[in-house]
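Trainee: Please work out how this folds:
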Amino acid sequence: MRTMKNLKSLAALVAGTAMLLSVVACGTTDESAADADGSSATIESFDVSSIEKDDDIAALLPESVTSDGKLTFGMETSYAPAEFLAEDGRTPVGYDVDLSRALGMVLGMEVEDVISTFDTIIPSVGSKVDVGMSSFTITPERMEAVDFVSYYKAGSTWVVPAGNPKDFDSANLCGLKIAVQTGTTQEEEINAANEQCPADSKIEILSSKQQTDVTTNVVTGKAVAFYADSPIAGYAISQTDGQLEALGEDVGVIKQGIAIAKGDTATAEAMQKAMQKLMDDGVYAQILDHWGVSSGAIDKAEINPTDIEQ
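Mentor: Below is the predicted model of the structure:
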C-alpha cells in the first residue's frame, strides 16, 4: 500500500480524466501522508540507486528468471498508494513499485512492470511475469495457485459518503449497491454475504477492474459504500476533499505477499532473502515512511506464512 504527493490531480491516477483523479485516488491513513498544512507535493519515488547488489542472494535466482536480465513484476496500477500511475499517466509509482525496484537492486536485475488487470496477475505468474506484486492478500485459496513471500499487512475498510447519508450498516448488506474491485478478497467477502441474502433482496455488486472506478461509484452515488484494503481506503478519503469517510474500524488485518509460481522454491527463496535484507538494512522502513504507510510494516519476510491473520 510513502509520503503522499499531489494525487489531487486527475492525471495522477487515471490518464485523461483529471476530475476523476481528484475523487478517486486511494491509500494511506498515516498522518505523514499529507503535509502538515494540508498541501500536497509532487509525486516522487523513493531513490533506490544506492542499494548494492548482494551476490549471494542474486545467485539464488534460477536461469528461467535471469536469462533475459529482467525481473518482471505483474501489477495493476489503480491502487494508490501501493501502485498507481504518476501525473504523466504512464509511469508506475507507489510503495509496491519502490519495493520492487529495491528488490531488483539487491538481486542485480533490471525491473520491468507488466501492467494487467488485478484478477489476471496470479494466473500469469511464472509464464507472462516472473512474480506478482500488487497488494495481494495472502489467503489459503490463493496459496493453492501460487506461493507467497510476505512483506506487508493491511485490513479492510468500509467507505461511505461523508455523514453516511444513507445510514449504511455493514451488517445489513442485502438489497444495497456495494462497490468493490474485481478479484479482491473484499469482493469474495461480498459475494459470500450475498449468498445469505433472500432472492428478492440480493446485493447489487458493482465490481470494477480499477479501484479508481470503485471509488468514483461511491462519490457519484452509484453505490452506497465501497470495501477495500485499509491503506487504499484511507488514501481515497484523504484525496476527495471531505466527500468520503471511513465507517467503523479496520477489520481482518492480514498479511500481503509477492506472488511466485507454485513450487518455484529458488525464486521464492531469493525474493524472501532480498526482502528480509531490505527490512534488516532499514530500506524497507524508509520506503514505507516515504509513502506514509509504515503502520502496515512487518519485520519478517516469510515464504507461505502460516500466521496469515495478524
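Trainee: contacting residues around I237?
Mentor: T29, V159, L244, E245, A246 (C-beta atoms under 8 Å, 6 or more residues apart in numbering). Every C-beta, even on glycine, is put in place using the N, C-alpha and C of the backbone.
Trainee: Lowest-confidence entry in the residues you listed?
Mentor: Among the contacts of I237, T29 carries the weakest pLDDT, at 35.
Trainee: sorry, back to before: select from the contacts of I237 the one having the most neighbours.
Mentor: Ranked by the number of neighbours (other C-beta atoms under 10 Å), the contacts of I237 place V159 first, at 26 neighbours.
Trainee: Assign that one to helix, strand or coil.
Mentor: Of the three states, V159 takes strand under DSSP: H, G, I helix; E, B strand; the rest coil.
Trainee: Provide a list of residues in contact with it.
Mentor: Contacts of V159 (C-beta under 8 Å, 6+ apart): 215, 218, 225-228, 233, 236-237, 244-247.
Trainee: Nearest to the spatial middle of this structure, which residue is it?
Mentor: S135 (3.3 Å; C-alpha atoms, centre = their mean).
Trainee: and the gap between that residue and N164?
Mentor: Counting by C-beta to C-beta, to the nearest Å, the gap from S135 to N164 is 26 Å.
Trainee: same check, this time on F84
Mentor: As judged by C-beta to C-beta, F84 and N164 stand 27 Å apart.
Trainee: Those two - which one has more neighbours?
Mentor: F84 (31 against 14).
Trainee: surely the more buried one meets S78?
Mentor: Yes - with contact taken as C-beta atoms under 8 Å, F84 and S78 are classed as touching, separated by 6.2 Å.
Trainee: Name the residues of the lengthiest helix in the chain that are buried.
Mentor: Across the chain, the longest stretch assigned as helix under DSSP state H is helix 265-281. For helix 265-281, burial by neighbour count (16 or more other C-beta atoms under 10 Å) applies to 266-279.
Trainee: Also stretch 201-209?
Mentor: I203, I205, L206, S207, S208, K209.
Trainee: Let me see the confidence value for the first one.
Mentor: I take that to be I203. 98.
Trainee: Provide a list of residues in contact with it.
Mentor: L173, C174, G175, L176, K177, I178, I190, A193, N194, C197.
Trainee: Let me know how buried the last one is, in neighbour terms.
Mentor: If I follow you right, that is C197. Around C197 there are 15 residues (other C-beta under 10 Å).
Trainee: Next one: it relative to E204, how far apart?
Mentor: 11 Å.
Trainee: what is in contact with these two at once?
Mentor: With C-beta under 8 Å, 6+ apart, C197 and E204 have no common neighbours.
Trainee: Would you map the helices across the stretch 101-250 of the chain?
Mentor: Ranges of helices within the stretch 101-250 of the chain are 118-124, 140-143, 185-195, 211-219, 230-238, based on DSSP state H, counting those that start in this stretch.
Trainee: Burial-wise, tell me which of those helices comes out on top.
Mentor: helix 230-238 (a mean of 29; mean count of other C-beta atoms under 10 Å).
Trainee: buried ones in the helix or strand hosting G252?
Mentor: Element membership for G252 (DSSP states H and E) is strand 244-261. Residues L244, A246, L247, D250, I254, K255, Q256, G257, I258, A259, I260, A261 are the ones in strand 244-261 that count as buried (16+ other C-beta under 10 Å).
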